[in-house]
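[1] Turn this into a model:
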Amino acid sequence: MATNKGTLLLLFLIVLLFVAAADAQQLQKGRRRAGRRSSDDATAAAPTHLHFYFHDTVSGKSPTAVRVVAPPDASTMPTFGMVNVMDDPLTEGPEPGSGPVGRAQGLYMGSDQARLGFLQAMNLVFTSGEFNGSTLALLGRNCPLDEVRELPVVGGTGAFRFATGYALLRTHWFDLHTGDATVEYNVYVMH
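    Numbers count the residues shown, from 1 in each chain. Okay, here's the model as predicted:
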């Protein structure tokens, strides 16, 4: 009798697992549909492309990124374990004085013991143009010495509700002595 109860309980749990998985799949499909334009819209399948430059300044009297946690062993691993908080300007061109697009607000932390690699979590806050007042959330691995890096878009607000996509990052300029950098962003977003 105990074996039959055990088998019945196992069967019940398996059925419950399948029902929960099916419900989760339906919920995801509903979320995807809710965030899309109507099927009559010719641009429904086309991602929005955003292009701008990110200016990370850690040196000087007015840094836009500050270290809040130092690496525990800077002599052998100069960035592993460090945490920087940023409020970096986003501009139309690579020059710091070019037209403002918004701000990159968040943090990056040294998360690779073997090479220069960060876990980067940030909101791209748009302060001008068509997407003024909207944000995109990015979260992912950023190895600044790689030629091209890819960060996933994990969400957004305003015009970017239900956003998904990716950002391709290319270093435009990097000062090895100060750590200051300008990075080109090409962001492709479905929303």
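[2] those strands in the protein, which residues are they?
    48-56, 65-69, 83-91, 100-110, 118-126, 135-142, 149-157, 164-174, 181-190 (DSSP state E).
[3] Can you tell me how far Trp57 is from Thr178?
    Wrong residue type there; residue 57 is Thr, not Trp. With distances taken as Cβ to Cβ, to the nearest Å, Thr57 is found 8 Å from Thr178. Where C-beta positions appear, they are placed from N, C-alpha and C, glycine not excepted.
[4] Between these two, which is the more surrounded one?
    Higher neighbour count among Thr57 and Thr178: Thr57, with 20 against 12, using other Cβ atoms under 10 Å.
[5] Report the beta-bridge partners for the residue nearest in space to the middle of the chain.
    The centre of the chain sits closest to Leu138, judged by Cα atoms, centre = their mean, with a distance of 1.2 Å. Beta bridges link Leu138 to Met122, Val153 when assigned by DSSP bridges.
[6] Model confidence for it, exactly?
    According to the prediction, Leu138 has pLDDT 98.
[7] do the same with Val154
    Val154 is given a pLDDT of 98.
[8] what's around it, how many residues?
    Using other Cβ under 10 Å, Val154 has 14 neighbouring residues.
[9] Next, the contact list for it, please.
    Ala137, Leu138, Leu139, Thr164 (Cβ atoms under 8 Å, 6 or more residues apart in numbering).
[10] pretty sure Asn132 contacts Val125?
    No - between Asn132 and Val125 there is no contact under Cβ atoms under 8 Å: 9.8 Å.
[11] Looking only at neighbour counts, state which of those two leads.
    Val125 (20 against 13).
[12] distance of that one from Gly117?
    Distance, Val125 to Gly117, by Cβ to Cβ: 25 Å.
[13] Gly81 too?
    12 Å.
[14] got any residues that touch both of those two?
    Listed as contacting both Gly81 and Gly117 by Cβ under 8 Å, 6+ apart are Gly110.
[15] higher neighbour count, these two?
    Gly117 (21 against 16).
[16] you'd agree that one is up against Met109?
    No - with contact defined as Cβ under 8 Å, Gly117 does not count as touching Met109 (9.9 Å).
[17] list the contacts for Ser187?
    Let me fix one detail, which is that residue 187 is Val and not Ser. His49, Leu50, His51, Leu124, Leu136, Val153, Gly165, Tyr166, Ala167, Leu168.
[18] Arrange those residues in JSON lines, one row each, with distance to Met77 and neighbour count as further columns.
    Listed next are these as JSON lines, based on distance: Cβ to Cβ, whole Å; neighbours: other Cβ atoms under 10 Å:
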{"residue": "His49", "distance to Met77": "37", "neighbour count": "10"}
{"residue": "Leu50", "distance to Met77": "34", "neighbour count": "22"}
{"residue": "His51", "distance to Met77": "34", "neighbour count": "12"}
{"residue": "Leu124", "distance to Met77": "29", "neighbour count": "28"}
{"residue": "Leu136", "distance to Met77": "31", "neighbour count": "28"}
{"residue": "Val153", "distance to Met77": "30", "neighbour count": "23"}
{"residue": "Gly165", "distance to Met77": "32", "neighbour count": "21"}
{"residue": "Tyr166", "distance to Met77": "29", "neighbour count": "16"}
{"residue": "Ala167", "distance to Met77": "27", "neighbour count": "23"}
{"residue": "Leu168", "distance to Met77": "28", "neighbour count": "14"}
